[in-house]
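Q: with the input below, show me the fold.
(one chain, ligands or ions: 1)
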Amino acid sequence: MTERETIEMDVVFVGAGPANLAAALHLKNKIREHDDLVDRGRKHARKIGDLEIAIVEKGSFVGAHILSGAVMDPIAIRELMPDFVAQGCPVDTVVTDDAFWYLTEKGSINAPIMPRPVKNKGKYIVSLSEVREWLGGKCEEAGINIFPEFPAAEVLYGENDAVIGVRTGDKGIDKEGNRKPNFEPGVDLIAKITVLGEGSRGSLAKQVMARLGLDERKEPQVFSLGVKELWEVPEGNFTEGMAVHTLGFPSDTRTYGGGWIYGLKNNAISVGYVTGLDYEDPLIDPHAEFQKFKAHPKIAAILKDGKMIKYGAKTINTGGYHTMPKLFANGVLLVGDCASMLNGQRIKGIHTAMKSGMLAAETIVGAFEHEDFTSNTLRHYAEKVNLSWIYDELHPVRNFHAAFQKGRWSALINTGLQFLTRGLAWGFMPKEHHVAGHERMEMLNGSAQGVRTDNGLGPNDHLRSERYRDLRFDKELTFDKVTDVFYGAVAHDEDQPSHLHVLDTEICATRCAEEYGNPCQRFCPAAVYEMEENAATGRRELKINFSNCVHCKTCDIADPYQIINWVTPEGGGGPNYKGM
Ligand SMILES: Cc1cc2nc3c(=O)[nH]c(=O)nc-3n(C[C@H](O)[C@H](O)[C@H](O)COP(=O)(O)OP(=O)(O)OC[C@H]3O[C@@H](n4cnc5c(N)ncnc54)[C@H](O)[C@@H]3O)c2cc1C
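A: Model (predicted):
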């Protein structure tokens, strides 16, 4: 039995993303306002006083694991801190021009009128990692404790399944599971309220939702994977402040996907491609889709003679309002992406994440005022969300993503109709609305677009299929996964147990090889999964290069058998997205 330190806190926030950083800062401000009103006799309530607030973050610093486009809608940060620019928030590029391109295989059509969801003039192009570091600094100035390198590994429950805090991960365990000389047990952070702001497919949120049934009677969540590079290009290739969104190539009409190019200062460019993780073709490789996107003549011209400087990949929960779980239970609140707050039509979630955090903070003030940390008080959070502009923004686009599960053309007609009717679903929708992505993947049925599958598929065999026939990794414009991962500055101590738990590897070597050709090798954007031939048995078996993992969570989401469980590795491991 491991002896652990127990630390009593008032509120613990899991994850230092925009949702929780905004929540913690707003909480401090709101408590001060509340206590001030009580002191001045303007409010007849009990004072709350100084609360012990902690934010735990698995990355090596605040912002290490954050990857975003990112065009930030400033609506929420302006509410949090009206003078955020004067206070030094790193938002130095304003969107001055927008474009929307429909890409065909070699050409493009420039939309004469900008569709409203991708109109971004006046918003900010930011490095979300930098904005977070800055916001983290503001939290610390306000007296909030931030603990980087502290993954929350487990949820702690009390009576009646009330959440009473989290257990952080142990440090110093070797790959066989033995204690190393530097072993340090994780600590139990006991809190009156725990706020989960872990981002897309949070590993604790997943546990809590399953145990407390928070996603019952909700549509299944659907996700996309964003793959991104940061480039430096010669002056004149692309204008600072320009934001381009694309539809079409390289996605086929049955697959949800789209790209972006944003012009940052100093001739830097954010270029990326999003592929819906509800695709049907098991040969799809989102990283290869992105490389194809860059090779399109229109995009290649922008990147010409430039240099790739950073790489990253992360999932996005695109299901929207209908997939939002119940947002509270005794002792716990869910905020930001892990509560499905993202607007899938705009692919924007920074502002809604921050706003949800702020509404959670206001609910927490009420809970401390009444000293009631049960659902009786915490349910006000869900009411606040539904009375806020989050609802006004998400409800009219509630059917946006589901329509794409019927193909691009139906979806576009449907999007137009939804726009006119504030979101009503039409006949172009799939009957079931959202279907979980892993259920939509089709089997290979013995053929794979010209690739032999009789001995299963290896990690790169799909690159010989028709879909990727013209794709070459020239290491100038296009890169293979291993090279890209190097640019993600990913590091994990290799002498630790793998944090990617495959519950039954026999399925990988048998059924999955035959039925889907082991799609983990393709959907993972970091070359973590490889089917390697075992000389003794002659069959391909699974090898997991967990140290490449960029924490995108794609494997946990897209595996057709749902046997991959992503858990937190030792603190500090993972990508380093500084500046992304
Ligand atoms: C490729 C891409 C492009 C995007 N483009 C845009 C855009 O242009 N505009 C826009 O508004 N939005 C964009 N988004 C969405 C936006 O990034 C998210 O909506 C937003 O970051 C959500 O904030 P969050 O705080 O909920 O979660 P996150 O930003 O994901 O932060 C969660 C944090 O929690 C930490 N964490 C997770 N689990 C644990 C744990 N168990 N213990 C400790 N720490 C943990 C993570 O390391 C991370 O730091 C994009 C997203 C992606 C992936």
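
Q: and stretch 217-234, is it in reach of the ligand?
A: Yes. Contact of stretch 217-234 with the ligand (Cβ under 6 Å from any ligand atom) involves G226, K228. Where you see a C-beta, it was placed from the backbone N, CA and C, and this is true even at glycine.

Q: quick one: that stretch to chain centroid distance?
A: Counting by Cα atoms, centre = their mean, to the nearest Å, stretch 217-234 is centred 7 Å from the centre of its parent chain.

Q: equivalent analysis for stretch 434-441, please.
A: With Cα atoms, centre = their mean, you get 18 Å for stretch 434-441.

Q: and what of stretch 44-64?
A: Centre-to-centre, stretch 44-64 and its host chain are 22 Å apart (Cα atoms, centre = their mean).

Q: report whether that stretch contacts the ligand.
A: Yes. Counting by Cβ under 6 Å from any ligand atom, the ligand is contacted by stretch 44-64 at V56, E57, K58, G59.

Q: contact partners for the second one?
A: Contacts here follow Cβ atoms under 8 Å, 6 or more residues apart in numbering; on that basis E57 touches G15, A16, A64, H65, I146, F147, P148, E149, F150.

Q: could you do the last one as well?
A: Residues near G59 by Cβ under 8 Å, 6+ apart: A16, H65, I66, P148, E149, G572, G574.

Q: without its sequence neighbours, what residue ends up closest to T275?
A: Using Cβ to Cβ, 6 or more residues apart in numbering and skipping residues adjacent in sequence, the residue nearest T275 is P286, 3.9 Å away.

Q: what's the worst-scoring helix or strand of the chain on mean pLDDT packed up against?
A: The helix or strand of the chain with the poorest confidence is helix 408-421; it has a mean of 81 (mean pLDDT, DSSP states H and E). Contacts defined by 3 or more Cβ pairs under 8 Å, 6 or more residues apart in numbering; DSSP states H and E place helix 408-421 against helix 400-404.

Q: now do the helix it packs on, average pLDDT.
A: Here the mean pLDDT over helix 400-404 is 85, rounded to a whole number.

Q: tally of neighbours for V56?
A: By the criterion of other Cβ atoms under 10 Å, V56 has 24 neighbours.

Q: ok, it to N182 distance?
A: V56 sits 20 Å away from N182, going by Cβ to Cβ, to the nearest Å.

Q: now V91
A: 40 Å.

Q: more neighbours, these two?
A: Here V91 and N182 are compared on neighbour count by other Cβ under 10 Å; more neighbours surround V91, at 19 against 8.

Q: for the nearest residue in space to the more buried one that is not next to it in sequence, list the residues it contacts.
A: Counting by Cβ to Cβ, 6+ apart, V91 lies nearest to Y124, which is 4.1 Å off, once chain neighbours are set aside. Counting by Cβ under 8 Å, 6+ apart, Y124 makes contact with V71, M72, P74, V91, T93, V94, V95.

Q: which one of those residues sits closest to C524?
A: V71 (27.0 Å; Cβ to Cβ).

Q: quick check, the closest one in contact with I125.
A: Yes. At 5.6 Å, V71 counts as touching I125 under the criterion of Cβ atoms under 8 Å.

Q: joint contacts of the two?
A: What both V71 and I125 touch, as defined by Cβ under 8 Å, 6+ apart, is the set V95, A243, Y262.

Q: mind checking which of those residues are in strands?
A: Counted as lying in strands by DSSP state E, out of the shared contacts of V71 and I125, are A243, Y262.

Q: quick one on the thing from earlier: now, which of the contacts of E57 lie within strands?
A: I146, F147.

Q: on that earlier part again, nearest to the ligand among the contacts of G59?
A: Distances from the ligand to the contacts of G59, taken as Cβ to the nearest ligand atom, are shortest for H65 (3.4 Å).

Q: and the gap between the closest one and P569?
A: From H65 to P569 the distance is 11 Å (Cβ to Cβ).

Q: for K307, same thing?
A: Computed as Cβ to Cβ, the K307 to P569 distance reads 30 Å.

Q: more neighbours: the two, which one.
A: Each of K307 and P569 has its neighbours counted (other Cβ under 10 Å); P569 has more, 23 against 11.

Q: A helix includes that one, no?
A: No. Under DSSP: H, G, I helix; E, B strand; the rest coil, P569 sits outside any helix and is assigned coil.

Q: contact partners for it?
A: Residues near P569 by Cβ under 8 Å, 6+ apart: K58, P151, G169, H492, Q496, H499, F546, C549.

Q: mind doing that once more with 6 Å?
A: H492, H499 (Cβ atoms under 6 Å, 6 or more residues apart in numbering).

Q: also A268?
A: Contacts of A268 (Cβ under 6 Å, 6+ apart): E232.

Q: hmm, try it at 8 Å
A: L230, W231, E232, V233, I309.

Q: buried subset of these as a ChimeraX selection?
A: The ChimeraX command for the buried members of those (criterion: 16 or more other Cβ atoms under 10 Å) is given here:
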select :230,231,233
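
Q: how about TSV for the contacts of A268, with secondary structure added?
A: Listed next are these as TSV, based on three-state DSSP:
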residue	secondary structure
L230	strand
W231	strand
E232	strand
V233	coil
I309	strand
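
Q: okay, the contacts of A268 in CSV with pLDDT next?
A: Shown next, in CSV, are those (pLDDT from 0 to 100):
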residue, pLDDT
L230, 96
W231, 97
E232, 97
V233, 98
I309, 96
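
Q: quick one: which of the contacts of A268 is nearest the ligand?
A: Using Cβ to the nearest ligand atom, the contacts of A268 come closest to the ligand at L230, 11.6 Å.

Q: where do the strands sit along the stretch 151-300 of the chain?
A: 152-157, 163-168, 171-173, 179-184, 188-190, 193-196, 223-232, 242-248, 257-263, 268-276 (DSSP state E, counting those that start in this stretch).

Q: so which elements touch the second one?
A: To tie it back to what came earlier, the one meant is strand 163-168. So strand 163-168, by 3+ Cβ pairs under 8 Å, 6+ apart, packs with strand 11-14, strand 152-157, strand 188-190, strand 193-196.
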